[in-house]
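Engineer: Can you look at this prediction? I've put the sequence above it.
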Amino acid sequence: LLTGKTNNPWNLRCSAGGSSGGEAAAIAAGCSMGGVGSDGGGSIRVPAHFCGICGLKPTPGRIPSTGHFPSGAGALGWIGVVGPMARTIADVRALFEVMAGPDAGDARSAPVPSRSYSEKDLRATRIGVLESSALGNATTETRTAVDGAAKMLSNHGFAVEPFELHGLDRALELWWFFFGPVIAHLLNANLSGHEWQLSPMLREYLSHAASSSPLSLDRFLQASAERDLLRETILRQMDGVPILLSPVSSAPAFRHGEGNYSPGTGYLDTMRFSQWLNLTGFPGAAVPISFSNEGLPIGVQIIGRPFEEELVLAVAEALEQSRGPWQPPPLDLT
């Protein structure tokens, strides 16, 4: 149980996001050049979006999660990953190049060689503006930011077109099965006898994630197999469109105390744009693009296929160049 709250450098009355909100706030405020976050359902990308910085959720295995708590072993290792956060994509790339690669502390870490893309390669990349009724409705300002990013990429020379992706409704249901009942089951075994030390938010999560039916081995194996088959289905749809553009979350940063697991307005609904990537193991990068009428940052998400982080970062950097220099938070928020 920790005391105090992490303020958003853009508005001290607002959340910095979670779960890597402290990292995002510190980077946005200029306390460090960059840092490391972890992401099981948007926990790198959403804080980056809330605080107006960049963040990369990599493919499981691309960056080892050695040292992460809880351990990345078992079911946690597929859903949750470790990734870099920084103010610019160039800084995210520098951190990624240092962090990526195999490590004995993570059984999933893979010796994937790094790649580079020429301007000719990039211009041949088709980009789809993601459409799916399963993701819910983003605010008008958020959709405007995505449309603006699409126009910037089109002006940069990319072929940008609407792209409807099927299967995300089931992907989100499966993501919650793993992120909710499965992970809660694993956590409860370690937390027994220490309930009094838990934060109110963790208590709320554990209560909401409690499975209404017994968590059987058959159910877990069936969900794991369905996850892999669904991943194949989505990959086939993206065969000719390796990059997707979407919101990171349905809205900018919310006020302190408004975050919850309630249906309709809570994390499970507002973060749907990010959650399905954790189920399928796809990489995604958050890039700040514009601001709400209240002056809060709005980021967009560049989504790629597994182990194609370099392409994700190359497109994100092209978008960043079209947007212009990174803008820091206001100096005086009193």
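Structural biologist: Structure received. Numbering: from 1, shown residues only.

Engineer: Can you identify each of the helices in this protein by residue range?
Structural biologist: Listed in chain order, the helices of the chain (DSSP state H) span 21-28, 45-51, 75-79, 89-99, 119-123, 140-155, 168-177, 183-191, 200-209, 217-237, 267-270, 272-280, 309-323.

Engineer: quick check, distance from the fourth one to the centre of its chain.
Structural biologist: Read that as helix 89-99. Computed by CA atoms, centre = their mean, to the nearest Å, the chain-centroid distance of helix 89-99 equals 16 Å.

Engineer: on that earlier part again, for Val248, which of the helices of the chain is the nearest?
Structural biologist: Evaluated over those, closeness to Val248 peaks at helix 45-51, with 3.9 Å, by CB to CB. C-beta: built from backbone N, CA, C; applies to glycine.

Engineer: Tell me which of the helices of the chain approaches Ser290 most closely.
Structural biologist: helix 140-155 (4.6 Å).

Engineer: ok and that closest one relative to helix 309-323, angle-wise?
Structural biologist: Interaxial angle, helix 140-155 versus helix 309-323 (axes from the mean of the first three to the mean of the last three CA atoms, to 10 degrees): 100 degrees.

Engineer: State the mean pLDDT of helix 140-155.
Structural biologist: When pLDDT is averaged along helix 140-155, the result is 98.

Engineer: packing partners for it?
Structural biologist: Contact partners of helix 140-155 among helices and strands, from 3 or more CB pairs under 8 Å, 6 or more residues apart in numbering; DSSP states H and E: strand 126-131, strand 159-164, strand 243-247, strand 284-291, strand 297-303, helix 309-323.

Engineer: ok so, going back, which stretch in the helices of the chain is the model least sure about?
Structural biologist: If you rank the helices of the chain by mean pLDDT, helix 75-79 sits at the bottom with a mean of 79.

Engineer: rewinding a little: as a markdown table, the helices and strands packed on helix 140-155 with mean neighbour count and distance to Ala86 would be great.
Structural biologist: Below are the helices and strands packed on helix 140-155 laid out as a markdown table (neighbours: other CB atoms under 10 Å; distance: least, CB to CB, whole Å):
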| stretch | mean neighbour count | distance to Ala86 |
| --- | --- | --- |
| strand 126-131 | 19 | 23 |
| strand 159-164 | 14 | 26 |
| strand 243-247 | 24 | 21 |
| strand 284-291 | 26 | 11 |
| strand 297-303 | 28 | 13 |
| helix 309-323 | 22 | 11 |
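
Engineer: These: which one's closest to Gly266?
Structural biologist: Gly266 sits nearest to strand 243-247 of all the helices and strands packed on helix 140-155, at 16.7 Å, using CB to CB.

Engineer: Contacts for that closest one, please.
Structural biologist: Contact partners of strand 243-247, identified using CB atoms under 8 Å, 6 or more residues apart in numbering, comprise 125-130, 135, 138, 142-143, 145-146, 149-150, 153, 160, 163, 165, 238, 273, 300-304, 311-312, 315.

Engineer: picking that back up, could the helices and strands packed on helix 140-155 be laid out in JSON lines, adding distance to His256?
Structural biologist: Shown next, in JSON lines, are the helices and strands packed on helix 140-155 (distance: least, CB to CB, whole Å):
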{"stretch": "strand 126-131", "distance to His256": "30"}
{"stretch": "strand 159-164", "distance to His256": "36"}
{"stretch": "strand 243-247", "distance to His256": "22"}
{"stretch": "strand 284-291", "distance to His256": "20"}
{"stretch": "strand 297-303", "distance to His256": "17"}
{"stretch": "helix 309-323", "distance to His256": "28"}
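
Engineer: of all the ones you listed, which lies closest to Gly55?
Structural biologist: strand 284-291 (4.8 Å).

Engineer: and the angle for that closest one with helix 272-280?
Structural biologist: Using the same axes, to 10 degrees: strand 284-291 against helix 272-280 is 170 degrees.

Engineer: Just the terminal-to-terminal distance for stretch 116-136.
Structural biologist: With CA to CA, to the nearest Å as the measure, stretch 116-136 spans 35 Å from end to end.
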